[in-house]
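Visitor: only geometry, no sequence info:
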């Protein structure tokens, strides 16, 4: 039996927020022989470093997938694409002292036929909504997540911990660059994937995300989620990408 092909509806929105001057988040959604590729990156590192790091990361990952032939191992190539983005950031930084500290988080969702694959590095997140429930598919690579895991602080305390922004893995900054890549996820009609930077998750909780994406079109939901994070302070750049599996 041939793999079932679904239609994917995509909505996205990125905003500088209420406090920052530059949007250091960058996203892309691409379609090719490889399937549907959604990427969100949250850059860091100085005045121009973060902005450049996130854009370079998205572009590197895109060009990696565009260079593949039709049969490839998705898990292996997700890892390879992230490694390639990492090398690209390091090489670019070598050529410009102002980019010395630049790095980026990354989350990727690759949708092929009736399967999804996800990868992450850093504290941007991917959620999946299915049958009226929401599940976080990624685990933050952050200091506060390690503290939660070792039961030093609660999940609630982690949200506003003073060291909330310390990440333990990222692209570019010589931190650990081993991404986590999921096994294939069998998708079904109605599944919704949400990729977002921490500018959203600091201010909007899972149940609110679930409610908004369940009741609105993907584009309206992306806009509403960003508006909600802004209404609650918008202290960081906010980026949301939503992919909904339809018939």
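Guide: Good, I have the coordinates. Given the structure is predicted, the values throughout are model-derived calculations rather than measurements.
Visitor: residues in contact with residue 75?
Guide: Listed by C-beta atoms under 8 Å, 6 or more residues apart in numbering, the contact partners of residue 75 are 117, 181, 183-184. C-beta coordinates here come from the backbone N, C-alpha and C atoms, glycine included.
Visitor: among those, which pair sits farthest apart?
Guide: 181 and 184 (10.3 Å; C-beta to C-beta).
Visitor: between the two, what contacts are shared?
Guide: Counting by C-beta under 8 Å, 6+ apart, the shared contacts of residue 181 and residue 184 are 75, 117.
Visitor: neighbour-wise, which of those two wins?
Guide: residue 181 (19 against 14; other C-beta atoms under 10 Å).
Visitor: okay, now residue 195: neighbour count?
Guide: If you count neighbours by other C-beta under 10 Å, residue 195 ends up with 29.
Visitor: surely it forms part of a strand?
Guide: Yes. Counting by DSSP: H, G, I helix; E, B strand; the rest coil, one finds residue 195 located in a strand.
Visitor: that one touches residue 38, doesn't it?
Guide: Yes. If you go by C-beta atoms under 8 Å, residue 195 and residue 38 touch, sitting 5.7 Å apart.
Visitor: overlap in contacts of these two?
Guide: Residues touching both residue 195 and residue 38 (C-beta under 8 Å, 6+ apart) are 27, 108-109, 241, 243.
Visitor: which parts of the lowest-mean-pLDDT helix or strand in the chain are buried?
Guide: Across the helices and strands of the chain, mean confidence by mean pLDDT, DSSP states H and E is lowest for helix 155-159: a mean of 87. Counting neighbours by 16 or more other C-beta atoms under 10 Å, one finds that the buried residues in helix 155-159 are residue 158.
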